[in-house]
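**Student:** The amino acid sequence is not available; the structure is as follows:
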């Protein structure tokens, strides 16, 4: 069974950057797609970004395209989310999730396909 632990959250000013890391233990994440999701106060959890099991293809939600980059380090069994040009709207708890085996490209954004979730890390963008 894979267990996930997120790190790297914190408080940053608008325009700043943060790097979130998702480390897996117990088993490799390499056989699954892995994604990042976020939940802002009073809102539903939403898709942010995902990477396929080989680390060769990535998907992004429209609000973060061009600002966020997801990547996989199979040797270290980690997935990283580099967040640049952060905005106040990016404030949320960010969750790493894996266990998905998507069939279609649109499946990478489907939360219900991800069976293993981390505890989340808080990202606050504020001046």
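**Tutor:** Nice, I can see it. Small disclaimer: the values here were computed from a predicted structure and weren't measured. Residues are numbered from 1 along each chain as shown.
**Student:** what pLDDT, on average, does stretch 95-107 get?
**Tutor:** What stretch 95-107 shows for mean pLDDT is 92.
**Student:** Just the buried residues of it, please?
**Tutor:** Of the residues in stretch 95-107, those buried by neighbour count under the rule 16 or more other CB atoms under 10 Å are 95, 96, 97, 98, 99, 100, 102. Bear in mind the C-beta positions are built from the backbone N, C-alpha and C, glycine included.
**Student:** any idea whether the most centrally placed residue in the chain is helix, strand or coil?
**Tutor:** Nearest residue to the geometric centre of the chain (CA atoms, centre = their mean): residue 36, 1.9 Å. Three-state assignment for residue 36 (DSSP: H, G, I helix; E, B strand; the rest coil): strand.
**Student:** picking up where we left off before, dump the buried residues of stretch 95-107 into a markdown table; add distance to residue 46 and secondary structure as well.
**Tutor:** Below are those laid out as a markdown table (distance: CB to CB, whole Å; DSSP: H, G, I helix; E, B strand; the rest coil):
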| residue | distance to residue 46 | secondary structure |
| --- | --- | --- |
| 95 | 10 | strand |
| 96 | 14 | strand |
| 97 | 12 | strand |
| 98 | 17 | strand |
| 99 | 18 | strand |
| 100 | 16 | strand |
| 102 | 17 | coil |
